[in-house]
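Participant: Take a look and give me a structure for this.
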Amino acid sequence: MKALLLMPLALVAAAAAPVRDADTDAWWGTTIALSNDAMEGRDIGSPGYDRAAAYVARRFAAAGLRPAGDDGGWLQHIPLEELAVRDAAIAVNGRRLDFLQDINVAPDSVSGPLDLPIAYRGYCAPDRLDHVRGKLVICHGSRRPGMPSAAERTAALVRGGGAAVAVIADPGFTVEPPRWPFAYARSVWIAGEPPSRPPLPSFTLNADALATLLGSSRREAAALIQAGSAGQPVPSFDAPGRFTARFTLARRSLRSANVLACCRAPIRRSRTSRSC
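Facilitator: Numbers count the residues shown, from 1 in each chain. You can find the predicted model right below:
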């Protein structure tokens, strides 16, 4: 009887197996190589990034492309600037928030220490931002239609006089769920072209740390997270305690590279294709 039952299962599995071709295998092999732990996340300016760039250059060469980088090579070296938070001490009335595990910050949004009262304002729609002047404002980072976008939320906070914002990383956003801990807090830009700074100190909050920030029970915080992740109505209130934060910032210059190549002959797929 067992043999009779296993045979249909084997047939179903074979029928459901995806069809593989050479292009798919090549794409998957490249994906595995570039996402390998040896690439160390391919962070800009890291040895792992350099290894990934060398791998891409080898693949370009194998595909018959011509190098189009600096001095006839594959690489176009780009001067960059980095601002990073090397250390942070963040707490609410002595309740410590673990930096990068419970909370993260945009490095170019902070400078000196912070000591602020706390306001929870749900989704931070403009009509909910009353009495937030000089406060750290906690907002749900919902991406649902009809909710304030990040730009709208920030603009409303600035108009309301908010001193800082902590956006709860929405655990209900399944397209790209938040992953903690963060590896670092840093901003990188092309030298000579500094990006515009956020208009107020900007934090990202792990949903699991909301109770610590609010001084509430985990059950109460979990109820707010559940409602906020579902787009349901949530209250507005001021939380007890004060939010304090100190940062050690470090800036450095570095170089990283694009990998550039030209095709040897036109790719005749459209009328606009040209050789380089």
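Participant: which of the residues in stretch 141-160 are buried?
Facilitator: Neighbour counts using 16 or more other Cβ atoms under 10 Å place 141-142, 147-148, 153-154, 156-157, 160 of stretch 141-160 among the buried residues. C-beta: built from backbone N, CA, C; applies to glycine.
Participant: Return the distance of that stretch from the chain's centre.
Facilitator: 18 Å (Cα atoms, centre = their mean, to the nearest Å).
Participant: what's it in contact with?
Facilitator: Contacts to stretch 141-160, defined as Cβ atoms under 8 Å, 6 or more residues apart in numbering, come from residues 123-126, 129-130, 132-133, 137, 139, 165, 167-170, 172-173, 198-200, 202, 204, 228-229, 231.
Participant: from those, which ones fall inside helices?
Facilitator: 228-229 (DSSP state H).
Participant: Whichever of the contacts of stretch 141-160 end up buried, select them in ChimeraX.
Facilitator: This is how ChimeraX selects the buried members of these, with burial counted by 16+ other Cβ under 10 Å:
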select :123,124,125,129,132,137,139,165,167,168,169,170,172,198,200,202,204,228,229,231
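Participant: on that earlier part again, mind putting the buried residues of stretch 141-160 into TSV with secondary structure and distance to residue 213?
Facilitator: TSV is the format used below for the buried residues of stretch 141-160 (DSSP: H, G, I helix; E, B strand; the rest coil; distance: Cβ to Cβ, whole Å):
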residue	secondary structure	distance to residue 213
141	coil	14
142	coil	18
147	coil	21
148	coil	20
153	helix	18
154	helix	19
156	helix	20
157	helix	17
160	helix	19
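Participant: if we can go back for a sec, filter the contacts of stretch 141-160 down to the ones in strands?
Facilitator: Judged by DSSP state E, these include 137, 139, 165, 167-168, 202, 204 as members of strands.
Participant: Pick out whichever of the buried residues of stretch 141-160 sits closest to residue 69.
Facilitator: Nearest to residue 69 among the buried residues of stretch 141-160: residue 154, at 37.9 Å, using Cβ to Cβ.
Participant: Read off the pLDDT value for the closest one.
Facilitator: At residue 154, the model reports a pLDDT of 94.
Participant: which regions of the protein sit below the pLDDT cut-off?
Facilitator: 1-19, 264-276 (pLDDT under 70).
Participant: And the residue nearest the centre of it?
Facilitator: The residue lying closest to the centre of the chain (Cα atoms, centre = their mean) is residue 178, at 8.1 Å.
Participant: ok, the spatially closest residue to it that is not a sequence neighbour - contacts?
Facilitator: Closest residue in space to residue 178, ignoring its immediate chain neighbours: residue 169 at 3.6 Å, by Cβ to Cβ, 6 or more residues apart in numbering. Residue 169 makes contact with 141, 178, 180, 204-207, according to Cβ under 8 Å, 6+ apart.
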